[in-house]
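[1] No letters, just coordinates:
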């Protein structure tokens, strides 16, 4: 720091983004008179290679030792310019950026306001730059393993890619089987592939892959550490079945005393199961699980003279003494693929979902048309002798999507197409059925979607433009109250069966995942990516990535693509075996620290602990920063009563001159 | 393109550009089965009309007077618009031009002069209290529950019993209550629905001042229309509730129970102003269920899916010309299918329209229309 500061200032035009409202020449002239400034230049695009070359040359020829780039937000290009400094042999932390675009040219309509503000921002940046110090970037070893949370198609795909690349993966799934939502679907749009047929081979692969440790019926309890070095606690819930002994024969379920009395979640509750169950025939692992909330023996402590399942099990697999088990694993990266819930239409009581059995959701429809579903794929309404095929089927689009009245303003992206597919399937099963789709816009944006929509219309599916407002009953028919908005005709249409195209929502239990991994949410309540365009699979927590509908509604192709993206990103620390740790971390002045521990309490990353040192013969407590965990957020510094903990590059001695420069009228 | 500041503010105030033309408003509108009203079209046309200063022309369509103010359109709108208010502002164009139906003109004039829309003298507003010991509010002295009596209840001989029974119920429960004295005046609910926004603002201002001199923990209304209006008042501090909410609470706390029996099959009709607009669905039912002997049944179209009786939105003073059956008559037929002996309701306007309907379809021998308090009066 003995060297005298020689500051180079580079003012970017950003095409016309900055230059249209900021008088760049004036800013250059102003900057050249600031103390310590040796060189001032301006250029159309500083981030371009010629722009960076200017900086590199000046560092070499003019012996610059501090660089100020007045351009955009540091979010994108701080890394770019740090690299420029490094290439020219200067410590990369001798860089300061003045944001004269987002904070200035974009928010002020004219140069009258923008130019003086740009000058202040540059002046502030120069003031801080003069006080910067060189920092050292450190690296630590990374675990060469990953964890994937969620065993739907997103999680399965991510896990397979990482495992295929040769790294160990822990795939954690909450329910007894992998498969997720995709396994519940009958056929997939627009190709009409059987969902189970393309899904089950992948489910089997994750179970058999030598690099995948599959943990079903398990939940992540605790996550500590940081990118490259996460420590994760997983609770393997008791299945009350020894999965090494269970051969999946199903005798237990057949003999369960509450057989066919418990709604099967996998069948969207339209089918029934026993208390000991396999969620669906292709479940992986093909092992039975006792539902502790419904099993008579576990809830009441008594099941006849003894649990029948135990009696009939030929391999002695059922073990009511089984306990939850906790395991701890170390991983370098985590992929969150926790999926979605469908909208609960009882929140839109006007559709009578709770009142009429023949008003069902799209997911229930999937199970009713699926060959593996509770009706073997036969679509019937009414009970017993009254059971019959529906002749008039109505689909209602956008139930719980694009609807501020239920707090979901977003489009769920899949309902238009799954409706088209289900309409097609009904026409296939019941050719003389009248099928009507009530819509407000048809969004057929994906590959092959518009063609599929064309096809189903020509198959005789009637599309009426109008979103129904109410369903009520006249005799034994449902009445759909709607306006055909193209002819401005209010209608009361009869229907035997109404299918609500329910949208996608963040999972009910998303809060727990957010707390575990310090995730953020976008305004739609889905998990937030680090940048909507440039870091779509990253999160604000380094080393934690997103895949699938946990991040926002998407169809299967998009989910698989994102899952592969998340896998590729997660493999970066795994393949390098090392991760960089933040250089701009907090530093403790042990001479003044009083060991009050305030900072340890406020640190959001649990990066500070108290340690005992020997201070001239006295044992005293002082704070100690774990530099691998510290993100340099500065919370500790704000809380410190004696200014003893300060983030590097944001020390009082560095930001006070910056603030002072902003306060001086120019 | 010419665009006055005033028209710009209509576009913004009613968020006309937020509409996506989904049709849920018209789809849900109860009167489409008997009138030509298409509220979505008015939302669509109002944008262009306000750009071109043609709102007055748009207001010439007589359908704007068919709206019953039930607010189904607003409740169902996925974008938070209130299509009903587009109709109200078109009505406002007509009211301002002075070319309104004589019945509407008289009602508005009566509110202005006598504080009620029924053309009754201010001085007789409290005739319903005759022969009863009624606690009335004293200036500056706080009560727990301050009662606000609807104009219709105060003057209509069939409805006065609502207020009279309420006094008896309150005395029995022993709560700290008071009725407003002779200064009580119309809430303005129907004034606003008829498009007389200025008079509504005046009424609001006077009433807010009135309530400030008679402090209360809660203001209790007898009519859901007053409830909706008072809740909209700017500057009113006290919480406003409907009487069924208070009674449900008293019953729940064991402070109120009944001596007699009412062994009849009744069906409850949800008033739009109480249900759809204020989401009070359970309390009236709780009160009814507390009555010994009563058999409470439900319409298929109940609660959020309830069918409007066409009594709101100023319709008491504007006749709809239609060959189709009145919705209240449909309601009466539905009640008959349920074999209900009584259609019970918690709104004075619903009582009046349903009562007419039961007579019109010839059920008056076998079916009664009663206000909840009328039943309670029989089991006190």
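    Nice, thanks for sending it over. Fair warning: this is a prediction, and the values are worked out from it, not measured in the lab.

[2] pretty sure residue A:573 is touching residue A:230, no?
    No: under the criterion of C-beta atoms under 8 Å, residue A:573 is not in contact with residue A:230, lying 10.3 Å apart. Bear in mind the C-beta positions are built from the backbone N, C-alpha and C, glycine included.

[3] so what sits against both of these two?
    Residues touching both residue A:573 and residue A:230 (C-beta atoms under 8 Å, 6 or more residues apart in numbering or on different chains): A:332-333, A:543.

[4] Pick out whichever of the residues you listed sits closest to residue A:583.
    Using C-beta to C-beta, residue A:543 is the member of the shared contacts of residue A:573 and residue A:230 that lies nearest residue A:583, at 17.2 Å.

[5] Give me the residues contacting the top helix by length along chain A.
    Scanning chain A for the helix with the most residues, using DSSP state H, yields helix A:556-576. Contact partners of helix A:556-576, identified using C-beta under 8 Å, 6+ apart, comprise A:142-146, A:153-159, A:161-162, A:165, A:167, A:182, A:188, A:227-228, A:332-335, A:337, A:446-447, A:536-538, A:543, A:545-549, A:551, A:554, A:579.

[6] Got a quick ChimeraX command for the buried subset of those?
    Filtering the contacts of helix A:556-576 down to the buried ones (16 or more other C-beta atoms under 10 Å in any protein chain shown) takes a single ChimeraX command:
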select /A:142,143,144,145,146,153,154,155,156,157,158,159,161,162,165,167,182,188,227,228,332,333,334,335,337,446,536,537,538,543,545,546,547,548,549,551,554,579
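
[7] How are the helices of the stretch 1-150 of chain A distributed by residue range?
    A:24-32, A:49-62, A:74-87, A:111-129 (DSSP state H, counting those that start in this stretch).

[8] Kindly report the same for the stretch 551-666 of chain A.
    Going by DSSP H, counting those that start in this stretch, the stretch 551-666 of chain A shows helices at A:556-576, A:598-602, A:635-639, A:652-663.

[9] Mind checking those helices for the one nearest to residue A:306?
    helix A:556-576 (45.4 Å).

[10] which parts of the stretch 401-550 of chain A sit against chain B?
    A:402-405, A:440-441, A:465-473, A:481-485, A:488, A:490, A:492 (C-beta under 8 Å from any C-beta of the partner chain).

[11] please redo it, this time with the cut-off set to 10 Å
    A:401-406, A:408-409, A:438-441, A:464-474, A:479-486, A:488-492 (C-beta under 10 Å from any C-beta of the partner chain).

[12] mind listing what the closest residue to residue B:33 other than its chain neighbours touches?
    The shortest distance from residue B:33 to any residue other than its chain neighbours is 6.2 Å, reached at residue B:324 (C-beta to C-beta, 6 or more residues apart in numbering or on different chains). Going by C-beta atoms under 10 Å, 6 or more residues apart in numbering or on different chains, residue B:324 touches B:31, B:33-35, B:330.

[13] swap in residue A:151?
    A:159, A:171-175, A:177-180, A:183, A:203, A:206, A:214-216, A:218, A:284, A:337-339.

[14] Among the contacts of helix A:556-576, which are located in helices?
    Those of the contacts of helix A:556-576 lying in helices (DSSP H): A:153-159, A:161-162, A:182.

[15] Kindly reformat those as JSON lines and extend each row with distance to chain B and pLDDT.
    Converted to JSON lines, these look like this (distance: C-beta to the nearest C-beta, whole Å; pLDDT from 0 to 100):
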{"residue": "A:153", "distance to chain B": "30", "pLDDT": "98"}
{"residue": "A:154", "distance to chain B": "29", "pLDDT": "98"}
{"residue": "A:155", "distance to chain B": "33", "pLDDT": "98"}
{"residue": "A:156", "distance to chain B": "35", "pLDDT": "98"}
{"residue": "A:157", "distance to chain B": "34", "pLDDT": "98"}
{"residue": "A:158", "distance to chain B": "35", "pLDDT": "98"}
{"residue": "A:159", "distance to chain B": "38", "pLDDT": "98"}
{"residue": "A:161", "distance to chain B": "39", "pLDDT": "98"}
{"residue": "A:162", "distance to chain B": "41", "pLDDT": "98"}
{"residue": "A:182", "distance to chain B": "28", "pLDDT": "97"}
